[in-house]
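Undergrad: Dropping the sequence and predicted coords here.
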Amino acid sequence: MTYISPKAVIEEHVYIGRNTTILAGVQIKRGTIIEDNCTIGKPSRVQMSRFQELVRLSPTRLEFEDYDSVVDTQTVIGENAMLHSGTIIFAGTTLDENVITEDNVIVRWDTHVGAFTKLMLAGFIGAHITIGKYSRVGGLLGNRTTIGDYVTTFGNLLHSYKQYGANRVEPAPTIEDYVMIGYDSNVIGGVTVGRRSYVAAGCTVSKDVPPETVVTGYNQHRPMSTWQGSLRDDYLASFPDDLLKDE
Amino acid sequence: MTYISPKAVIEEHVYIGRNTTILAGVQIKRGTIIEDNCTIGKPSRVQMSRFQELVRLSPTRLEFEDYDSVVDTQTVIGENAMLHSGTIIFAGTTLDENVITEDNVIVRWDTHVGAFTKLMLAGFIGAHITIGKYSRVGGLLGNRTTIGDYVTTFGNLLHSYKQYGANRVEPAPTIEDYVMIGYDSNVIGGVTVGRRSYVAAGCTVSKDVPPETVVTGYNQHRPMSTWQGSLRDDYLASFPDDLLKDE
Amino acid sequence: MTYISPKAVIEEHVYIGRNTTILAGVQIKRGTIIEDNCTIGKPSRVQMSRFQELVRLSPTRLEFEDYDSVVDTQTVIGENAMLHSGTIIFAGTTLDENVITEDNVIVRWDTHVGAFTKLMLAGFIGAHITIGKYSRVGGLLGNRTTIGDYVTTFGNLLHSYKQYGANRVEPAPTIEDYVMIGYDSNVIGGVTVGRRSYVAAGCTVSKDVPPETVVTGYNQHRPMSTWQGSLRDDYLASFPDDLLKDE
């Protein structure tokens, strides 16, 4: 059974599927589709800590309305979004217009996703992240990652975890506009991947990558201008004239 | 609450769990178990585009029956299948008899899975894929991948994404019979991995692999006949006499 | 709609979300929160085989109560646990007190998770596994893996799969106390990673790793004492005095 919080605002021309939960402070704009088994506006870690205190102290068993009541931030799903089954969007996050999330994508709290961006393949998007417009993003994104416009990334954008313990705030990668990062590549720590660079699948990046660079293997860089074969022509030529032909 | 479309056909001796959705055009054959939170016959991308048009144009809020009505392809779940919790099978896909899907497996539209094959570990199986019989398949499979019989693959079978934009049709890998591809390996582009080859975990394959070859690291091949240790004996000897002992 | 088996025991000061299923033999201790769409005490492979026989033989369609009735092992969720949305815990597994599971984590049957451990990032934890206390564990863990205390692992701990077929019992990795294993690293077969070692992201480990060793690339080891930069100081100094400062 679908639950819509009395504190949520659903515009007209919106479709919401079965067993989906829309929590307090959520605003869903017109033209948007949310499929089955989604949760929108899910409590952040801080909000859940507050709820856990309530559970411990309350003399009676708490209800779903009590869970809903701990959410005190705004979540915005822009116009014409398409959120597929099992999507979870945490509270405080904003999706601009025409965003698509594939099945089982998770987006944590206080993150911003730009217009026409597609979140793919059960991607796990952390908190406090900024993703630009017209990008396609899968994989795991650590908290505070920054991704530009027209980026394609299926890699994992990670903290370096040089210390035990989870309360530190570690630097996260910055991915500039027009970059491609292949599936199963790992970009580690506070590095920057420069504009129009191409990181092949299965690579490791732990140092800054200059613009228009091809990365293979373990931190192996070379300028895209010296790369043999059709990659340079194919990749660079695909920007920007045909951008708007994208699905 | 479980939903079964009036346009679905469920044979006898079938079990369907809680909060599972069976959409239009689905046929479920006898002896099959579908656990909780599954969706069978989920609309394809084209069907969803049509639904999105309806949402935008309809003067009233659409219901689940309207969503169900956009599915116009057939989905077949063969005899004695076991689909574990959270399995999503898109419309137009056929599973032959005795297929198993582990929890949270996704299979997209117009894909064919052969008899006695097991889809594992929250695998994400794309569209227009052909998988043979008696195989075990996890990881991510890009659209139009081909997998033979008695294959074990936990790797990712990928497009090369040499261009920005999602509407191109890129070549995908072909995995021949009896191949093993280890966890977290990436096979990229329109390459073929030949019969009885063994790709270790964590490798990258972007060139054709001949039959009976061992692959390690980044495109490093050697004939299985020169491989030291027990791998050759263990692996080759495991075909085909004991095939039917598999779970 | 949430289902709680008549054979489950729920203590006071417990919160259970929407569309969550608590099966037979489950004990949930006080202070615990279980969010939406979770399944606790899900039948193991053996229990499901028994259920499949019932489905094939029963003259009438089976109900959820019949599914519930095949579970004959005990599942324990300790005090003050926090199980986020979509968590699946199979039957026979025990979580000690103060365990956290992030969204969509799966823990299979007959596994034991120590106190204050956090299971992360849609991790897929196999069967017959032992995980110590104060650890943080993501990735894929093959059956019979052993993980110590104060471990951080986002890697995949795998069998070597040297033979086709799934009924063999293969050796699995052992990860000793205070080890860090980076995201997307693969540890393969019955190897041991020694105390306080650090495996960088994206590595492959198929040989034993001595204590206080840094691993990069493909089985490249060096003593942590010879590692340049701040890793040694940062990592080793983070144990054990500030352990209890962890979230």
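TA: Now that the structure is in, tell me what you want to look at.

Undergrad: Mind listing the residues bridging to the residue minimising distance to the centre of chain A?
TA: Chain A has A:Ile125 as the residue nearest its centroid, 3.9 Å off, counting by C-alpha atoms, centre = their mean. Counting by DSSP bridges, A:Ile125 is bridged to A:Val107, A:Leu141.

Undergrad: Show the contacting residues for it.
TA: By C-beta atoms under 8 Å, 6 or more residues apart in numbering or on different chains, the contact set of A:Ile125 is A:105-108, A:111, A:113, A:119, A:131, A:137, A:141. To be clear about C-beta, it is placed using only N, CA and C from the backbone, and glycine gets the same treatment.

Undergrad: hey, which helix is longest across chain A?
TA: Criterion DSSP state H: the longest helix present in chain A is helix A:45-57.

Undergrad: Would you mark the buried spots in that helix?
TA: Of the residues in helix A:45-57, A:47-48, A:51-52, A:54-55 count as buried by neighbour count, 16 or more other C-beta atoms under 10 Å in any protein chain shown.

Undergrad: Stretch A:126-134 now?
TA: A:126-129, A:131-134.

Undergrad: give the contact list for the closest residue to A:Thr117 other than its chain neighbours.
TA: Once flanking residues are discounted, A:Thr117 sits nearest to A:Ser135: 4.6 Å by C-beta to C-beta, 6 or more residues apart in numbering or on different chains. Listed by C-beta under 8 Å, 6+ apart, the contact set of A:Ser135 reads A:114, A:117-118, A:147-153.

Undergrad: Quick check: A:Ser135 vs chain C, distance?
TA: 21 Å (C-beta to the nearest C-beta, to the nearest Å).

Undergrad: Likewise for A:Tyr198?
TA: 18 Å.

Undergrad: quick one: which of the contacts of A:Ser135 has the most company?
TA: Among the contacts of A:Ser135, A:Thr153 has the most neighbours (other C-beta atoms under 10 Å in any protein chain shown), with 28 neighbours.

Undergrad: Name the nearest residue to that residue, sequence neighbours excluded.
TA: In space, A:Thr153 comes closest to A:Ile181 once its chain neighbours are excluded; the distance is 4.0 Å by C-beta to C-beta, 6+ apart.

Undergrad: Quick check: phi and psi at that neighbour.
TA: phi -120, psi 120 (degrees, to the nearest 10).

Undergrad: Now do A:Ser206: how many residues are near it, please.
TA: A:Ser206 has 18 nearby residues by other C-beta under 10 Å.

Undergrad: For it, give its distance to A:Tyr150.
TA: Using C-beta to C-beta, to the nearest Å, we find A:Ser206 at a distance of 24 Å from A:Tyr150.

Undergrad: likewise A:Ile100?
TA: 15 Å.

Undergrad: Same question for A:Ile129.
TA: For A:Ile129 relative to A:Tyr150 (C-beta to C-beta), the value is 17 Å.

Undergrad: A:His84 now?
TA: The value you get for A:His84 to A:Tyr150, if C-beta to C-beta is used, is 22 Å.

Undergrad: ok, now A:Asn156?
TA: Taking C-beta to C-beta, one finds A:Asn156 at 20 Å from A:Tyr150.

Undergrad: Show the pLDDT at A:Pro240.
TA: Confidence at A:Pro240, expressed as pLDDT, is 61.

Undergrad: ignore the last one, A:Arg50
TA: pLDDT, A:Arg50: 96.

Undergrad: Could you verify my assumption that it touches A:Tyr67?
TA: No: because the distance of 10.7 Å does not satisfy C-beta atoms under 8 Å, A:Arg50 is recorded as not touching A:Tyr67.

Undergrad: For A:Asn143, list the residues it contacts.
TA: A:108, A:126-129, A:159, A:172.

Undergrad: Please identify which helix or strand holds it.
TA: Assigned by DSSP states H and E, A:Asn143 belongs to no helix or strand.

Undergrad: Once you drop chain neighbours, what's closest to it?
TA: Using C-beta to C-beta, 6+ apart, the closest residue to A:Asn143 is A:Gly126 (4.2 Å).

Undergrad: how near is the one you found to C:Phe154?
TA: Per C-beta to C-beta, A:Gly126 is found 13 Å from C:Phe154.

Undergrad: do the same with A:Arg61
TA: The spacing between A:Arg61 and C:Phe154, counted by C-beta to C-beta, is 36 Å.

Undergrad: Could you do A:Gln74 as well?
TA: 31 Å.

Undergrad: Among these two, which residue is more densely surrounded?
TA: Remark: of A:Gln74 and C:Phe154, C:Phe154 carries more neighbours, 23 against 15, as counted by other C-beta under 10 Å.

Undergrad: Around chain C, which positions in chain A sit nearby?
TA: With C-beta under 8 Å from any C-beta of the partner chain as the criterion, chain A meets chain C at residues A:1, A:3, A:19, A:21, A:37, A:39, A:42, A:48, A:51-52, A:55-56, A:58, A:61-62, A:64, A:66-67, A:86, A:88, A:104, A:106, A:122, A:124, A:140, A:156, A:158, A:161-167, A:184, A:186, A:188, A:204, A:218.

Undergrad: Pull out the buried residues from the residues you listed.
TA: Counted by 16+ other C-beta under 10 Å, the residues of chain A next to chain C give A:3, A:19, A:21, A:37, A:39, A:42, A:48, A:51-52, A:55, A:62, A:64, A:67, A:86, A:88, A:104, A:106, A:122, A:124, A:140, A:156, A:158, A:161-165, A:184, A:186, A:188, A:204, A:218 as buried.

Undergrad: Just name the shakiest helix or strand of chain A by mean pLDDT.
TA: Ranked by mean pLDDT, DSSP states H and E, the weakest helix or strand in chain A is helix A:231-237, scoring a mean of 72.

Undergrad: Give me the distance from that helix to the chain's centre.
TA: Computed by C-alpha atoms, centre = their mean, to the nearest Å, the chain-centroid distance of helix A:231-237 equals 26 Å.

Undergrad: Likewise for stretch A:160-169?
TA: 21 Å.

Undergrad: How about residues contacting that stretch?
TA: A:144, A:170, A:188-189, A:206, C:118, C:136, C:150, C:152, C:154, C:178, C:180, C:182, C:230-231, C:234-235, C:237-239, C:242-243, C:245-247.

Undergrad: Number of residues surrounding A:Gln220?
TA: A:Gln220: 12 surrounding residues under other C-beta under 10 Å.

Undergrad: Now do the residue nearest to it when sequence neighbours are not counted against B:Pro171, distance only.
TA: Among residues not flanking A:Gln220 along the chain, A:Cys203 sits closest, at 8.0 Å (C-beta to C-beta, 6+ apart). When C-beta to C-beta is applied, the distance between A:Cys203 and B:Pro171 equals 21 Å.

Undergrad: go on, A:Ser69?
TA: If you measure A:Ser69 against B:Pro171 using C-beta to C-beta, the figure is 53 Å.

Undergrad: Which of the two has more residues huddled nearby?
TA: A:Ser69 (19 against 13).

Undergrad: For the more buried one, give its distance to A:Thr20.
TA: 19 Å.

Undergrad: Nearest spatial neighbour of A:Val151, chain-adjacent residues omitted?
TA: A:Val151 sits nearest to A:Ser135 (C-beta to C-beta, 6+ apart), 4.2 Å away.

Undergrad: secondary structure class for the residue sitting furthest away from the middle of chain A?
TA: Residue farthest from the centre of chain A, counting by C-alpha atoms, centre = their mean, is A:Pro59 at 38.6 Å. For A:Pro59, the secondary structure call by DSSP: H, G, I helix; E, B strand; the rest coil comes out as coil.

Undergrad: Check A:Val187 too.
TA: strand.

Undergrad: Show me what it is bridged to.
TA: Going by DSSP bridges, A:Val187 forms beta bridges with A:Leu157, A:Val205.

Undergrad: State the distance from it to C:Ala200.
TA: A:Val187 is 13 Å from C:Ala200, by C-beta to C-beta.
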